[in-house]
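Undergrad: Structure, please.
(chains A and B)
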Amino acid sequence: MQGSTSAGQFVFKERAGEPVPSVLYDEHVKLAGKSHMAAFAGYLMPLWYSSIAEEHRAVRQHAGLFDCTHMGVLEVSGPDAGSFLDAVSTNRVQDLKLGRAKYGYILDAAGNVLDDIIVYRRGETNFMVVVNAANESKIRSYLHELQQGRAVVDTQSSPWIAKLPKLKATIRDMRDPSRPSDRRADLALQGPASFDTLGKLTDASGAKRICELKSFAFVQEKLGGIDCLICRTGYTGSNVGVELFVDPQQAPRLWNLILEAGRPLGVLPCGLGSRDSLRIEAGLPLYGHELDGKFNISPFEAGYGWAVKLDKEFFIGQAAMRRVAETYDMEVARIELSAARGVRPIRQDDPLLDEQGECVGWVLSAAKAEDKQVALAYIDRKAAVEGKNLGVYYLARSDSQVEQGRKQAVQKGQKLEADLAGTVASRFAKF
Amino acid sequence: MAVAQGLLYTKDHEWARIEGGTATVGITDYAQEQLGEVVFVELPKVGKEFGAHKEFAVVESSKAASDVFCPVAGKVTEVNTELETTPELVNKDCYGEGWLCKIKITDKGSLANLMDAKKYEEYLKTL
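TA: Prediction:
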């Protein structure tokens, strides 16, 4: 693990290694077989069990259980934990009430997104921060270097350059097996039957507390005797759904208890495939696709300007975000297209065309969501108007298509004939 | 992983069923399993000629688009038009209803590079 900074940009090189089996690996192999496991963000994770489409449908109609134990779970504690998190992330952390969570971003001093995070307030001076699996070592290294005074806090002179390393905050890995107690790894149960399923694993008062959870609120409860933090957060766009933070050693037992309790309610185990199709259908960004990535997409372009508090006293990357907020001219849009039988699936990088056939942007992610295809695309803000018709051109999928004259890349402004018609939908969808 | 007896196989996981001078071709159980749910199949035009190991079809799943290589040298005489509306037949019955096309073999020598079921099974074990 090592990080360095130049001109406010934090550069991190991760040591490559063999993927680690998820703590639920044995359960996955029992349910899906080894051939459905794939390396993702350094972990061996399930892609699907029954089928992506079936698991997607289960989450929309009943509920689905996801292994999210690969997600990084950090504890930030100490007298200055709140001020530290306010300085290193874009949303307002110190305003959080106990038992509530907020979505935000960690940026470098140049304004590049290093990760999108959820911060949960567990005490006056105790926070849980959930980071992406693929970014965990980078974020830990970054926060460590900031505390050591080695990473750039501000590219201009600022009192925070001296102040930040002095803040008293301790960062710990909550999944670490050597942690004496309060170890936490993430499972997610998403979909309308989630609360009824969990209700079967607790008593009436526990079930009531779970049902009454507001969005981005959490409680500590026992499920089948297992201590859990139950948070009404998720990555599927489901109105009803929770993330469950549990001791990694207890995760297999909880996994099986939930599947058993949920079986009569239609709950299915769900893999990374449906996790992706569900989040795309809901319009939620994935780091590296709709955030950062090759277009260096900012929170404003991704549709999350509200999670960047420009008027906060200070956060790393604030000056850059002020500039972006004034000047950005591309944004992430959610596009719906046909998925009728015989329609070729659209793919990342396929260009979006306006009614004149002019390229206005590109597909970032796409998935089949029940009877339609949904794309998240990076397009000109002028074209990102709900209800507007946009076409898609299929880039060459094979060498033989290149030989037949199909393009492998298309520039903005280039004119082409569309292969498939689509429509700009609302930026987000709730289910 | 199912390997059907009596067929010939390539290292790229295509199969060929030789009957007279014609080969019915498709992708193997291993290939469909790796691809995941097949959502689109691009088939060649009837009458088109391909050399052995030339790309002749594209099979797309929700994960990826994958080239399919022609196991034998020959001319396409028939394609499985059912796949235009039910591409998932490739997953459900890859050695049967999920066949891709029929090819009139023009170079019998191209069969020499193919494996029989036993050899293909051994090959799968090395992957």
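
Undergrad: which stretches of chain B form helices?
TA: B:29-35, B:82-85, B:89-92, B:117-125 (DSSP state H).

Undergrad: Now the ones you listed in CSV, please, with extra columns for mean neighbour count and distance to chain A.
TA: For the C-beta atoms, the positions are set from N, CA and C on the backbone; glycine is no exception. Compiled in CSV, these are given as follows (neighbours: other Cβ atoms under 10 Å in any protein chain shown; distance: least, Cβ to the nearest Cβ, whole Å):
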stretch, mean neighbour count, distance to chain A
helix B:29-35, 20, 6
helix B:82-85, 16, 5
helix B:89-92, 19, 9
helix B:117-125, 14, 11
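
Undergrad: quick one, which of the ones you listed is nearest to A:Cys211?
TA: A:Cys211 lies closest, by Cβ to Cβ, to one member of the helices of chain B: helix B:89-92, at 39.3 Å.

Undergrad: Residues contacting the closest one, please?
TA: Surrounding helix B:89-92, the residues in contact under the criterion Cβ atoms under 8 Å, 6 or more residues apart in numbering or on different chains are B:26-27, B:32, B:37-38, B:41, B:59, B:80, B:82-83, B:97-98, B:100.

Undergrad: Dump these to TSV, plus pLDDT.
TA: TSV is the format used below for the contacts of helix B:89-92 (pLDDT from 0 to 100):
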residue	pLDDT
B:Gly26	97
B:Ile27	97
B:Gln32	92
B:Glu37	82
B:Val38	89
B:Val41	94
B:Val59	93
B:Asn80	97
B:Glu82	94
B:Leu83	94
B:Glu97	96
B:Gly98	96
B:Leu100	97
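
Undergrad: Next, work out how far apart the spatially most central residue of chain B and chain A are.
TA: Nearest to the geometric centre of chain B sits B:Gly26, at 2.4 Å (Cα atoms, centre = their mean). Going from B:Gly26 to chain A by Cβ to the nearest Cβ, to the nearest Å gives 18 Å.

Undergrad: Find the nearest non-adjacent residue to that residue, please.
TA: Sequence neighbours aside, B:Trp99 is the residue nearest to B:Gly26 in space, at 4.4 Å (criterion: Cβ to Cβ, 6 or more residues apart in numbering or on different chains).

Undergrad: any idea how far chain A is from the one you found?
TA: As judged by Cβ to the nearest Cβ, B:Trp99 and chain A stand 18 Å apart.

Undergrad: Quick one: name the residues of chain B near chain A.
TA: Neighbours of chain A within chain B, by Cβ under 8 Å from any Cβ of the partner chain: B:1, B:33-34, B:36-37, B:39-40, B:42, B:55-56, B:58, B:60, B:62-63, B:65, B:67, B:84-87.

Undergrad: of these, buried ones?
TA: When the residues of chain B next to chain A are checked for burial by 16 or more other Cβ atoms under 10 Å in any protein chain shown, the buried set is B:33-34, B:36-37, B:39-40, B:42, B:55-56, B:58, B:60, B:62-63, B:65, B:67, B:86-87.

Undergrad: Report the closest residue of chain B relative to chain A.
TA: B:Ala65 (4.1 Å; Cβ to the nearest Cβ).

Undergrad: my guess is that residue contacts A:Ser398, does it?
TA: Yes: B:Ala65 lies in contact with A:Ser398 (Cβ atoms under 8 Å); the separation is 6.9 Å.

Undergrad: from what I can see the residue nearest to B:Gly26 touches B:Thr24, true?
TA: Yes: B:Trp99 is in contact with B:Thr24 according to Cβ under 8 Å; the separation is 5.3 Å.

Undergrad: which of these two has more neighbours?
TA: B:Trp99 (22 against 18; other Cβ atoms under 10 Å in any protein chain shown).

Undergrad: dump the residue contacts of that one.
TA: Residues in contact with B:Trp99 (Cβ under 8 Å, 6+ apart) are B:Thr24, B:Val25, B:Gly26, B:Asn80.

Undergrad: Model confidence for it, exactly?
TA: B:Trp99 is assigned 97 on the pLDDT scale.

Undergrad: residue contacts, the one residue in the stretch 251-400 of chain A that gets nearest to chain B?
TA: Nearest residue of the stretch 251-400 of chain A to chain B: A:Arg397, at 4.1 Å (Cβ to the nearest Cβ). Neighbouring residues of A:Arg397 by Cβ under 8 Å, 6+ apart: A:Arg347, B:Glu42, B:Val58, B:Glu60, B:Ala65.

Undergrad: Just the terminal-to-terminal distance for stretch B:96-115.
TA: Stretch B:96-115 stretches 19 Å from its first residue to its last (Cα to Cα, to the nearest Å).

Undergrad: ok, and for that stretch, which residues are buried?
TA: By 16+ other Cβ under 10 Å, the buried positions in stretch B:96-115 come out as B:Gly98, B:Trp99, B:Leu100, B:Cys101, B:Lys102, B:Ile103, B:Ile105, B:Ser110, B:Leu111, B:Leu114, B:Met115.
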